[in-house]
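> Sequence unavailable; structure follows:
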């Protein structure tokens, strides 16, 4: 079972887009932050959007275009559960997207002493 | 019938009557004799049924209340011929004679009796122990109810192919059972509860039978593929006196270590040709290595072929410090492979295919068409019908039914011969590519670890690296798997020795982790005082928190870190998936899956069981001091627990 989850938990949200950039509705990042917890995004992608190996890729500061992001929500290409409009409206999706886009930039691992440790 | 019964049987019944009736019949033998009716004379009428019954209960010759030696003593002698250091048990009356014999007659040495607080702990402890010690220990479980408690632990061990010698007691003969609870705890067939997931079981009918079945059971448990065996010790056999004449007839078979099954040389020759001819060979190691030598052989084979190794981590198979350990890019390697060598696979189908967990389940292959698959495994030697741990069928191009660890030296020789005959053109070039790929793994892992470095709740990456800063100074062992924490130790810690890691539960039975850690820590203690760490989910830990008492009581030091996400998180995601699928919103998903309100104070639980308890740790900056204290306690011989409030994964 773990192979299934590991192998096909997609990289779509974090990967480069296959779609052309399109503008979606203006998003409210503050509401997106609430939604990120309420609709359970964090369960698989982590509270900081960092992702987790078994469950879902990094989504913080996603470079995915909104159209592609919305398509992934509605019709996930992998193991991600679908979020239809009855659960997350287009506007709410835009809010989530705005929140993900403005998440803090990750720290440089070279600036973290514990991550300088040689293997 | 009463007239034909032997004097010995009279004595047994007398003894039983004394026990069964409790306080009312607990009288001194002299008083019992005084109360016995006079024997009828020839001139009187035949005795009534009541008189006969009275005579059976109080026979004048039945004043033998003790004995110097019993069948259970002989059973201990049998166990002492085996290579058993420990017997773990939660006490139960169906093995009361055996327990007394082990601790007195056997002097509580080899095996030493260990007190557990649940039969699942006894068995799970033996599970973890065997994977470190490389040999089984024994568990004793109460009849019926104790066996039921033990069942999940036995299933985990069966799925994980780990040897355990399990004993139970049972009062088989109905006329030998005390009325009441002993009936409730007796069965026709003691092993039926667990027969689907033990390798072998037996219910010996005599002491000689017990000796042979126990030695046979040990041998079978250790033969590849290994597994738990289940022996029933009848209470009558345990408790009956054993006289010298009878004992002289008994023979304990000699335990002989058997060689393990090796692969057919012809099949290995074909496999070697296929591997050497391949342009993109990949080796997948799963439940493969039981020793450092097996790890070394895998490195040797990989270097000969310059083939990447995907370590599925059911065991410690491949040092992650070696450039050919390429588990980080398993998906890409399998997709490009033209020849896959699979060593003791757990789920080869799942490795080569993917099923989408959506409303309509669809399957697609991960590997390219025409890929050649070579499988070396003992999986076909231990398949039962009911429980489906055997996974979906895969028809390999070359399927070698053999112990992969035993077979690898022969495969290495075959590959060497094949390379010597001219098939090594592409091999050196592959090695360079592997080095390039390998060099990027650590950088990627470090970058990912930095993503939520300062987050609260604490990220799993931060927790593992704060722990590593202290652990790296020690001779350490990690006795928990890391699938639920993004495999950080395998990505960021150097894991180069076989004893560093033991894989997971095998059966995914929740509760394995705390109990297997206890047994693994025991084996590491005996091996020379390694610092043992177990990262345990809060849901897992709550299945058996009392393992810490056993650890404290028996002086088994190890550090438990509670990965406290305050949820049964895997199930949170499952319920969330269903709610999404049904378009019902996610508001109610926490019902039945969260472990909060109130939050559990694991540090106080640990302290209550006699262990060192630290936490909860909410601030990542407090981790280092907590780990310093925890490891110091472990080095001082104590079990310790640190509660870390963490992100879900």
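Looks like it came in fine. What you see is a predicted model; the values in this text were computed from it and never measured.
> which stretches of the stretch 401-550 of chain B aren't confidently modelled?
Scanning the stretch 401-550 of chain B for pLDDT under 70 picks out B:423-425.
> whoops, the stretch 201-350 of chain B was the one
For the stretch 201-350 of chain B, not a single residue meets the criterion pLDDT under 70.
> Do you have the helices of it handy? List them.
Counting by DSSP state H, counting those that start in this stretch, one finds helices in the stretch 201-350 of chain B at the ranges B:207-222, B:235-239, B:244-249, B:265-277, B:292-305, B:330-336, B:348-352.
> Can you tell me which of those is most buried?
Of all these, helix B:235-239 carries the top mean neighbour count, a mean of 23, counting by mean count of other Cβ atoms under 10 Å in any protein chain shown. C-beta: built from backbone N, CA, C; applies to glycine.
> Mind giving me the packing neighbours of that one?
helix B:71-80, helix B:96-100, strand B:164-170 (3 or more Cβ pairs under 8 Å, 6 or more residues apart in numbering or on different chains; DSSP states H and E).
> Now residue 91: phi and psi?
No chain was given, so I picked chain A. Torsion angles at residue A:91 (phi, psi; degrees, to the nearest 10) stand at phi -60, psi -40.
> my question was about chain B
Dihedral angles of residue B:91 (phi, psi; degrees, to the nearest 10) stand at phi -60, psi 150.
> Equivalent analysis for residue B:89, please.
Note on residue B:89: backbone dihedrals following degrees, to the nearest 10 are phi -160, psi 150.
> how many neighbours does it have?
By the criterion of other Cβ atoms under 10 Å in any protein chain shown, residue B:89 has 24 neighbours.
> Report whether the expected contact of it with residue B:95 is present.
Yes: counting by Cβ atoms under 8 Å, residue B:89 touches residue B:95, with 7.4 Å between them.
> Need the residues touching each of those two.
Common contacts of residue B:89 and residue B:95 (Cβ atoms under 8 Å, 6 or more residues apart in numbering or on different chains): residue B:140.
> interface residues of the stretch 101-250 of chain B facing chain A?
Residues of the stretch 101-250 of chain B lying close to chain A (Cβ under 8 Å from any Cβ of the partner chain): none.
> what about residue B:645, which SS state?
Put simply, residue B:645 is strand when judged by DSSP: H, G, I helix; E, B strand; the rest coil.
> Run a quick neighbour tally on it.
Neighbours of residue B:645 under the rule other Cβ under 10 Å: 19.
> The one 3 residues further on too?
Residue B:648 is surrounded by 24 other residues when neighbours are defined as other Cβ under 10 Å.
> my guess is it contacts residue A:40, does it?
No: at 9.9 Å, residue B:648 does not count as touching residue A:40 under the criterion of Cβ under 8 Å.
> Check the contact lists of those two and give me the overlap.
With Cβ under 8 Å, 6+ apart as the test, residue B:648 and residue A:40 both reach residue B:572.
> sec struct for the spatially most central residue of chain A, please.
The residue lying closest to the centre of chain A (Cα atoms, centre = their mean) is residue A:59, at 2.9 Å. With three-state DSSP as the basis, residue A:59 sits in coil.
> got the phi/psi numbers for it?
Dihedral angles for residue A:59 - degrees, to the nearest 10 - are phi -120, psi -10.
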